[in-house]
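In: Quick one, structure for this:
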Amino acid sequence: MKEKKDTVYKNVATLVNKFVNQYMKSGKKEKAQYIFRQSLLKIKMKEKQNGFLIFLKALKNVRPLLHTKNSRRGGASYHIPVPLSVNRSFFLAINILIDNARKKNGCFIDNLIFTLVEAANNKGECVKKREDLHNKVLKNKNLTNFKTEI
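Out: Residues are numbered from 1 along each chain as shown. Purely as a prediction, here's the structure:
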């Protein structure tokens, strides 16, 4: 039987695999998995909490629920708010976390640890990016009557 798309991310191993695949460069998956495992171990030693739970909490805090879609009507371009699917919202959250960790200078493992802990505590640039996206949606909430035909 075929699995529904919305239930894909209920499997935690799939989330970890997606995160590792997003970070992976030049097909070096073992190195990416090593980096992910090391960051979770260091989080466990520094924070005295399960690193995996910190990772899941960070993903939950960074995950956007709404997004804007561009639509042209009568020569004008409008940003129409639309809800995100579960898959797309987790994909965006993973991208936000990885991009933020890559932006910083230094060791990627340390940057990833710092980013994940900040996001799990609902602080930092990742959470700010999600809030900016939600503010953009709130500014355009009066355009919901322009729903696009798909």
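In: Please report phi then psi for the most centrally placed residue in the chain.
Out: Among the residues of the chain, the one closest to the centroid is A93, at 0.6 Å (C-alpha atoms, centre = their mean). Torsion angles at A93 (phi, psi; degrees, to the nearest 10) stand at phi -60, psi -40.
In: Okay, helices next: where are they in this protein?
Out: 12-23, 29-47, 51-62, 86-103, 108-120, 124-139 (DSSP state H).
In: what packs against the last one?
Out: Yep, that's helix 124-139 we're talking about. Judged by 3 or more C-beta pairs under 8 Å, 6 or more residues apart in numbering; DSSP states H and E, the packing partners of helix 124-139 are helix 51-62, strand 66-73, helix 86-103, helix 108-120. C-beta coordinates here come from the backbone N, C-alpha and C atoms, glycine included.
In: Outside of that helix itself, which residues are in contact with it?
Out: 58, 61-68, 79, 81, 93, 96-97, 100, 115, 118-119 (C-beta atoms under 8 Å, 6 or more residues apart in numbering).
In: Excluding chain neighbours, what is closest to L116?
Out: Leaving aside its chain neighbours, L116 sits nearest to A58 (4.6 Å; criterion: C-beta to C-beta, 6 or more residues apart in numbering).
In: wait, what's in contact with that neighbour?
Out: 97, 115-120, 126.
In: Could you pick out the buried ones from the residues you listed?
Out: 97, 115-120, 126 (16 or more other C-beta atoms under 10 Å).
In: Return the closest of these with respect to K18.
Out: Nearest to K18 among the buried ones among the contacts of A58, counting by C-beta to C-beta, is L97 at 11.4 Å.
In: Would you check that the closest one makes contact with K60?
Out: No: L97 lies out of contact with K60 (C-beta atoms under 8 Å); the separation is 11.5 Å.
In: Could you measure from the residue lying farthest from the centre of the chain over to K139?
Out: Centroid-distance maximum for the chain: G74 at 34.2 Å, with C-alpha atoms, centre = their mean. To K139, G74 is 20 Å away according to C-beta to C-beta, to the nearest Å.
In: now Y34
Out: 43 Å.
In: And stretch 65-79, end to end?
Out: End-to-end span of stretch 65-79 (C-alpha to C-alpha, to the nearest Å): 16 Å.
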